[in-house]
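>>> Build me a model:
(one chain, ligands or ions: 1)
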Amino acid sequence: MKIPDPVVAVRGLTKSYGGRIVVDHLDLDVHAGEVVGLIGANGAGKTTAVECVQGLRRPESGTIEVLGLDPVRDAARLRPLVGSQLQSSGLPDRLRVGEAVELFSGRRAKDADLLLERFGLGHRRRYAFGTMSGGERQRLFLVLALLNQPRLVILDELTQGLDPSARREVWSAVSQLREAGTTVLLVTHELDEAEALCERVVAMRAGRVLDAGTPAELVARHASWATVRFALPSGRPDEALAALRRLPGVSDVTRHGDQVVVHGARAVIAHTGAWLVTRGRVPDDLRVEVPDLETALLALLDASTHDLTGAA
Ligand code: ATP
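Model prediction:
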């Protein structure tokens, strides 16, 4: 089958509950082979949007195409092509891993054996679902979502409540999907997860897209500062501080004991480095701090609050 691109095309999706709009004219494309993450505030409409993409909810207006098909009207054709992660209560406790896989895999059991091995569950076939750890359950949900080699995988809060090592296991499973070229749409609150896994993130608030791009693009647009710290050069500290203050992009230079802290635009990293090198100093303790996606999202949400307040 030739995979249509975009794999997911959402245009003007609007959905409300009890007269309150929770997804508001949403446009979203997910291209073939991309891992795209929906991020944003609680109640932003992320889950509702992916539920519409999965055909679990009917949009009020707008159009959705998944692999060129309508998720509601063509649900039966899409079922074997789209793998969706179950919710944590999605399987009965007494169901064994092997039985769950047989239930979901239909005729293609070979596929199932390979997936169980790949996600480290080959030896767990006889375990009841209720006895498995959180990480094992999430990996089983991934196995079930991947049966029949879906063209698109949809994951919602994949690692919620998992311990750090279980999170890493599940991340590595998603990275394997990405390497295999599977298209993935995921919803997450874990922004380190979004940074580690997603090629592109879409930041939502109040049913709308605030911004979209690679995690690095969002950081550059909404939290573009940097801080450089190092031990002060010996001799004439005031002159050194004054020289640092004159460097392009520097907004603030402070002293904390023997440490100097240079703060400003991203360019201060390069300019401070060049300044040190031209003075023959390459400090061992030089540290650079740049904001992460979480800081960028908080800044973006904060700015959008001002916009909303300003507009009111
Ligand atoms: P979170 O990050 O908190 O999971 P989200 O971005 O996934 O949120 P949704 O779960 O889509 O957001 O919810 C959007 C809004 O719609 C919320 O205010 C929520 O309370 C409301 N909502 C969701 N499902 C229903 C429903 N079945 N009936 C009524 N309201 C709902």
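
>>> residues from the stretch 51-200 of the chain in reach of the ligand?
Counting by Cβ under 6 Å from any ligand atom, the residues of the stretch 51-200 of the chain close to the ligand are residue 189. Heads up, the C-betas are built off the backbone N, CA and C, glycines and all.

>>> try 8 Å this time
Counting by Cβ under 8 Å from any ligand atom, the residues of the stretch 51-200 of the chain close to the ligand are 51, 156, 157, 187, 189.

>>> What is the burial count for the third one?
Okay, so that is residue 157. Residues contacting residue 157 under the criterion other Cβ atoms under 10 Å number 18.

>>> ok, it touching residue 194?
No. With contact defined as Cβ atoms under 8 Å, residue 157 does not count as touching residue 194 (11.9 Å).

>>> what touches both of these two?
residue 188 (Cβ atoms under 8 Å, 6 or more residues apart in numbering).

>>> For residue 53, give me phi and psi.
When read as degrees, to the nearest 10, the backbone of residue 53 gives phi -60, psi -30.

>>> let me redo that: residue 193
The phi and psi values for residue 193, taken as degrees, to the nearest 10, are phi -70, psi -50.

>>> Identify the farthest-apart pair in the residues of the stretch 51-200 of the chain next to the ligand.
51 and 189 (16.7 Å; Cβ to Cβ).

>>> the more surrounded of the two?
residue 51 (19 against 16).

>>> Now do the contacts for the more buried one.
residue 57.

>>> Next one, pLDDT for it please.
Note for residue 51: predicted pLDDT of 93.

>>> ok, then the element right after the lowest-mean-pLDDT helix or strand in the chain?
Ranked by mean pLDDT, DSSP states H and E, the weakest helix or strand in the chain is helix 109-118, scoring a mean of 80. Heading C-terminal from helix 109-118, the first helix or strand you meet, by DSSP states H and E, is helix 134-146.

>>> sorry, back to before: so which of the residues of the stretch 51-200 of the chain next to the ligand sit within strands?
Using DSSP state E, the members of those that fall in strands are 156, 187.
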